[in-house]
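Undergrad: sequence plus predicted model, see below.
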Amino acid sequence: MSIDWEVFSKGINVALLGLAGVFTVLILFYIVTKLLFHFGNKMDKDNSNPD
């Protein structure tokens, strides 16, 4: 059984691109969630001032 190294390297490249995409989406989701919590808490403090 012989390994075709060209196909193997293409498969590794696809796997690495897939992992990079997954981690990019996770990082973006984390940043967006942090921003939404920040703005939500900021608006909540502004609206809770008794007049």
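TA: Happy to help now that I have it.
Undergrad: please make it C-alpha for all contacts and neighbour counts, starting now.
TA: OK.
Undergrad: pLDDT at the spatially most central residue of the chain, what is it?
TA: Nearest to the geometric centre of the chain sits residue 26, at 2.1 Å (CA atoms, centre = their mean). Residue 26 carries a pLDDT value of 99.
Undergrad: what's the spacing between it and residue 19?
TA: 11 Å (CA to CA, to the nearest Å).
Undergrad: I'd like to know which elements the helix or strand where residue 25 lies is packed against.
TA: Using DSSP states H and E, the element containing residue 25 is helix 5-47. Helices and strands touching helix 5-47, by 3 or more CA pairs under 8 Å, 6 or more residues apart in numbering; DSSP states H and E: there are none.
Undergrad: roughly how far is that helix from the heart of the chain?
TA: On the basis of CA atoms, centre = their mean, to the nearest Å, helix 5-47 sits 1 Å off its chain's mean C-alpha point.
Undergrad: residues touching residue 39, list them.
TA: For residue 39, no residue meets the contact criterion (CA atoms under 8 Å, 6 or more residues apart in numbering).
Undergrad: that one and residue 33, how far apart?
TA: Residue 39 is 10 Å from residue 33, by CA to CA.
Undergrad: phi first, then psi, for residue 3.
TA: phi -90, psi 130 (degrees, to the nearest 10).
Undergrad: so what's it scoring on pLDDT?
TA: 90.
Undergrad: what about it, neighbour count?
TA: 7 (other CA atoms under 10 Å).
Undergrad: repeat for residue 13
TA: 12.
Undergrad: now do the one 10 residues further on
TA: Neighbour count for residue 23, taken as other CA under 10 Å: 12.
Undergrad: how close does it sit to residue 10?
TA: Taken as CA to CA, the span from residue 23 to residue 10 is 20 Å.
Undergrad: list the contacts for residue 45?
TA: No residues are in contact with residue 45 under the rule CA under 8 Å, 6+ apart.
Undergrad: ok, it to residue 35 distance?
TA: Counting by CA to CA - residue 45 and residue 35 are separated by 15 Å.
Undergrad: same deal with residue 41?
TA: Taken as CA to CA, the span from residue 41 to residue 35 is 10 Å.
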